[in-house]
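A.B. asks: here you go, sequence then predicted model.
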Amino acid sequence: MTIANLPAIRACRPAWNKGGVVGQKRPLMPKHVWAIRVRLEIAKSHRDLALFNLAIDSKLRGCDLVKLKVADIYASGQVKERASIVQSKTQRPVRFEITEGTRKSILRWMEEPLMVGSEYLWPGRFHERLHISTRQYARLVREWVKSIGLDPTSFGTHSMRRTKVAHIYRKTGNLRAVQLLLGHTKMDSTVRYLGVELEDALAISEAVEI
């Protein structure tokens with residue numbers, strides 16, 4: 001009697017994202033941004049405040065943000081008002097502004113002993129690590145949002161990248177400007193990234209009279 005080759009029965013493993021919020025991470029609201037800034041200022045967390053502010057201003061992916069070098073944003077004894085880097089993912093340059101408040105927080109961070117002679121803007125605390133890792137950055141983001149009572153599963157490092165451009169889009173409806181700021185090569189990518197849905201399109205259409 002021939003015995004059919006039956007597939008092996010394996011125990012079901014729980015999904016990696018079971019119980020988590022799947023999908024795009026939400027951008028922060030202006031009140032959230034200011035609440036986090038105030039908490040970091042009170043705690044005198046100079047590095048975290050500078051990192052948080054620059055994450056919002058630069059709109060960079062976490063992999064590019066953690067690898068920023070001092071020379072990328074600092075020259076002639078002052079923090080640049082605008083900077084440019086080549087993105088790791090696309091190998092295309094992207095420019096970003098550095099607002100006055102962010103420049104002040106960066107200058108304060110650069111006075112710290114850990115920054116003496118450092119090539120990287122966010123140096124690692126171990127000799128074998130030149131800069132903080134993306135995983136460490138993600139942990140910091142979770143701590144920031146938890147500190148003001150937000151659900152950390154709804155926010156992540158992409159929340160930092162999306163925050164400013166989401167508000168720019170809400171105020172102006174200018175997708176091309178957002179595309180340039182994010183360094184996207186295709187408008188479709190920007191539309192998906194912002195989560196522009198039919199309701200947004202209808203709202204824009206209703207505001208235009210012919």
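C.D. replies: Okay, I see it. Residues are numbered from 1 along each chain as shown.

A.B. asks: can you map out the helices along the protein?
C.D. replies: Along the chain, counting by DSSP state H, helices occupy 30-42, 46-58, 62-65, 70-73, 100-109, 134-147, 157-172, 175-182, 187-194, 198-206.

A.B. asks: most packed of those helices?
C.D. replies: Most buried of the helices of the chain, by mean neighbour count (mean count of other Cβ atoms under 10 Å): helix 46-58, with a mean of 23. Every C-beta, even on glycine, is put in place using the N, C-alpha and C of the backbone.

A.B. asks: what angle do that helix and helix 134-147 make?
C.D. replies: Counting by axes from the mean of the first three to the mean of the last three Cα atoms, to 10 degrees, helix 46-58 lies at 90 degrees to helix 134-147.

A.B. asks: got the contact list for helix 46-58?
C.D. replies: Contact with helix 46-58 is made by 28, 33, 36-37, 40-41, 65, 68, 73, 83, 96-99, 101-102, 105-106, 108-109, 112, 114, 121-122, 137, 140, 144, 157, 160-161, 163-164, as judged by Cβ atoms under 8 Å, 6 or more residues apart in numbering.

A.B. asks: let's see it at 7 Å
C.D. replies: 33, 36-37, 40-41, 65, 96-99, 101-102, 105-106, 108-109, 112, 122, 140, 144, 160, 163-164 (Cβ atoms under 7 Å, 6 or more residues apart in numbering).

A.B. asks: from Val165, how far off is Ser88?
C.D. replies: Here Ser88 is placed at a distance of 19 Å from Val165 (Cβ to Cβ, to the nearest Å).

A.B. asks: actually Val94, not the one I typed
C.D. replies: Counting by Cβ to Cβ - Val94 and Val165 are separated by 12 Å.

A.B. asks: now Leu180
C.D. replies: Using Cβ to Cβ, Leu180 is found at 10 Å from Val165.

A.B. asks: need the overlap of contacts for these two.
C.D. replies: If you check Leu180 and Val165 against Cβ under 7 Å, 6+ apart, no residue is contacted by both.

A.B. asks: show me where pLDDT drops low in the chain?
C.D. replies: 1-23, 126-128, 193, 195-205, 210 (pLDDT under 70).

A.B. asks: once you drop chain neighbours, what's closest to Ser105?
C.D. replies: Excluding the flanking residues, the one nearest Ser105 by Cβ to Cβ, 6 or more residues apart in numbering is Ala50, at 4.3 Å.

A.B. asks: again with Arg125
C.D. replies: Sequence neighbours aside, Leu114 is the residue nearest to Arg125 in space, at 7.8 Å (criterion: Cβ to Cβ, 6+ apart).

A.B. asks: what's the local residue count around the one you found?
C.D. replies: When neighbours are defined as other Cβ atoms under 10 Å, Leu114 has 14 of them.

A.B. asks: Arg95 too?
C.D. replies: Arg95 has 12 neighbouring residues, counting by other Cβ under 10 Å.

A.B. asks: and the nearest residue to it once chain neighbours are set aside, how many residues sit next to it?
C.D. replies: Nearest non-adjacent residue to Arg95, counting by Cβ to Cβ, 6+ apart: Ser84, 4.5 Å away. The local packing of Ser84 (other Cβ under 10 Å) involves 11 other residues.
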